[in-house]
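Q: with the sequence up front, the predicted model follows.
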Amino acid sequence: MPHLTLEYSANLAGEESIERLCTSLASCLDAQRENEQRIYPLGGIRVRALRCEQYCVADGRADAAFLHANLKIAAGRSDAAKKTTGDALFEVIKQHFAAEFEKHGLALSLEINEFSETGTWKHNNLHARLKV
Amino acid sequence: MPHLTLEYSANLAGEESIERLCTSLASCLDAQRENEQRIYPLGGIRVRALRCEQYCVADGRADAAFLHANLKIAAGRSDAAKKTTGDALFEVIKQHFAAEFEKHGLALSLEINEFSETGTWKHNNLHARLKV
Amino acid sequence: MPHLTLEYSANLAGEESIERLCTSLASCLDAQRENEQRIYPLGGIRVRALRCEQYCVADGRADAAFLHANLKIAAGRSDAAKKTTGDALFEVIKQHFAAEFEKHGLALSLEINEFSETGTWKHNNLHARLKV
């Protein structure tokens, strides 16, 4: 945790652009602080994108694209931390696609969800490896 | 919003068939009415499909396929509107794969979820562009 | 139901390895019992994987990989059944990637969610076909 999954229509951008966006969003999560403490452990950050080759946006016009981001985090963060995180991630996304937004149809969106407390399992060597 | 994501096994259908299905499902969402008002704004409709090249359905028999549809909408629609929408979308899906259902193993399913009220962000020029 | 979706970074494994994992996880779901009764109907099992070609894990180091599994089941199973299922599935995942876990950065995770009671639709000929 945190997990950030992007779904996007293939007409939005090439894979290299999305790869850069994944890196920017991971950096953004890494930078989040509350009371000078980091909100998300670096070793828990996982950003990934799913390219959708089949889609229909709005009335199906060829220039209409979308990207939807879903952030899942462990339960228990403050509402302020969640709002700050969402604002920061969404700003990165809007900046990344500012030129596209001027030129063609584009729907950007972000949601934040919490993992249920009862049902999660983890096995992660990144926390230890990052300390080395 | 609304967001409709399809996941399907690659043995179910070619990409062109799924593209047509996305278009049919977007039209179906566009057509939904309650008290003569449209339920979903046209500029908010985003249908997309994720093709799964790796899968195992039931006992792993080669002819067993699946498609699962997940509709996410903003909270606050009536139960009747949700039921009507689900019935209409699922009818489109069943019709689209009626021939396949007769010929081989096939599991079709649909769920409806609501976005949490607290955590969504949006930036969408399609509402304005559709008015032009 | 049950639905198990895997998301994984493309640097983790080849498609053939993931296909074997899907089969192992389907067998694992098939084998789950509570009070000598099967927990999941065989005809409802759908395991699939989504390969993410764009991703950023932790600090973006090239050897950091992830796999996240999301199990969705109908509401109403006992907490014990859910825990047993999660433990069993996660053991299969850990075993499958034991060699990778020793060699490079790897974050494995699993969550269990329930479908909402109100909004699901199904059309499935596999239950009948498996009886033949």
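A: Yep, it's here.

Q: which residues in chain A form helices?
A: Counting by DSSP state H, one finds helices in chain A at the ranges A:15-31, A:79-96, A:98-103, A:126-131.

Q: any idea what A:Tyr8 is bridged to?
A: According to DSSP bridges, the residues that bridge with A:Tyr8 are A:Arg51, A:Leu67.

Q: can you name the residue of chain A nearest chain B?
A: Chain B sits closest to A:Ile112 of chain A, with a gap of 3.4 Å, by C-beta to the nearest C-beta. All C-beta spots, glycine's among them, are computed from the backbone N, C-alpha and C.

Q: pretty sure that residue is touching A:Leu71, no?
A: Yes: when contacts are counted by C-beta atoms under 8 Å, A:Ile112 is listed as touching A:Leu71 (4.8 Å).

Q: identify the contacts common to these two.
A: Between them, A:Ile112 and A:Leu71 share the neighbouring residues A:Thr85, A:Gly86, with contact defined by C-beta atoms under 8 Å, 6 or more residues apart in numbering or on different chains.

Q: show me which residues of chain A sit near chain B.
A: Applying the criterion C-beta under 8 Å from any C-beta of the partner chain, the portion of chain A that neighbours chain B consists of A:7, A:9, A:50, A:52-60, A:64, A:66, A:68, A:79, A:82, A:86-87, A:90, A:93-94, A:101, A:105-113.

Q: which among those count as buried?
A: Burial of the residues of chain A next to chain B was assessed by neighbour count (16 or more other C-beta atoms under 10 Å in any protein chain shown); the buried members are A:7, A:9, A:50, A:52, A:54-59, A:64, A:66, A:68, A:82, A:86, A:90, A:93, A:101, A:105-113.

Q: make CSV out of the helices of chain A and add mean pLDDT.
A: Written out in CSV, the entries for these read as follows (pLDDT from 0 to 100):
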stretch, mean pLDDT
helix A:15-31, 98
helix A:79-96, 97
helix A:98-103, 98
helix A:126-131, 96
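
Q: so which of those helices gets nearest B:Lys131?
A: Across these, the minimum distance to B:Lys131, taken as C-beta to C-beta, is reached by helix A:98-103, at 16.8 Å.

Q: ok, residues contacting the closest one?
A: A:Leu12, A:Ala13, A:Ala65, A:Lys94, A:Leu106, A:Leu108, B:His123, B:Asn125.

Q: wait, the last one touches A:Leu106, no?
A: Yes: with contact defined as C-beta under 8 Å, B:Asn125 counts as touching A:Leu106 (5.8 Å).

Q: can you name the residue of chain A nearest to chain C?
A: Of the residues in chain A, the one nearest chain C is A:Gly119, at a distance of 3.4 Å by C-beta to the nearest C-beta.

Q: read off the pLDDT value for the residue lying closest to that residue once chain neighbours are set aside.
A: Of all residues beyond its chain neighbours, the one nearest A:Gly119 is C:Ile112 (3.4 Å), with distances taken as C-beta to C-beta, 6 or more residues apart in numbering or on different chains. C:Ile112 carries a pLDDT score of 96 in this model.

Q: just checking, C:Ile112 touches C:Thr84?
A: No: because the distance of 11.0 Å does not satisfy C-beta under 8 Å, C:Ile112 is recorded as not touching C:Thr84.

Q: how about the residues of chain A near chain C?
A: When proximity is defined by C-beta under 8 Å from any C-beta, chain A lies next to chain C at A:1, A:3, A:5, A:15, A:18-19, A:22-23, A:25-26, A:30, A:42-51, A:115-116, A:118-126, A:129-130.

Q: pull out the buried members of the residues you listed.
A: With neighbours counted using 16+ other C-beta under 10 Å, the residues of chain A next to chain C contain these buried positions: A:1, A:3, A:5, A:18-19, A:22-23, A:25-26, A:30, A:43-51, A:115, A:119-121, A:123-126, A:129.

Q: buried residues in stretch A:73-83?
A: By neighbour count on 16+ other C-beta under 10 Å, the buried set for stretch A:73-83 is A:Ile73, A:Ala74, A:Arg77, A:Ala81, A:Lys82.

Q: contacts for that stretch, please.
A: Counting contacts by C-beta under 8 Å, 6+ apart, the residues outside stretch A:73-83 that touch it are A:1-3, A:32, A:34, A:39-40, A:85, A:112-117, A:120, B:118-119.

Q: of the residues you listed, which belong to strands?
A: When DSSP state E defines the strands, the subset of the contacts of stretch A:73-83 inside them is A:His3, A:Glu34, A:Ile112, A:Asn113, A:Glu114, A:Thr120.

Q: list the contacts of A:Pro2.
A: Contacts of A:Pro2 by C-beta under 8 Å, 6+ apart are A:Leu29, A:Tyr40, A:Gly44, A:Ile45, A:Arg46, A:Leu71, A:Lys72, A:Ile73, A:Ala74.

Q: repeat that for A:Leu25.
A: Contact criterion C-beta under 8 Å, 6+ apart gives A:Leu4, A:Leu6, A:Val47, A:Ala69, A:Leu89, A:Val92, A:Ile93, C:Cys56 as the residues in contact with A:Leu25.
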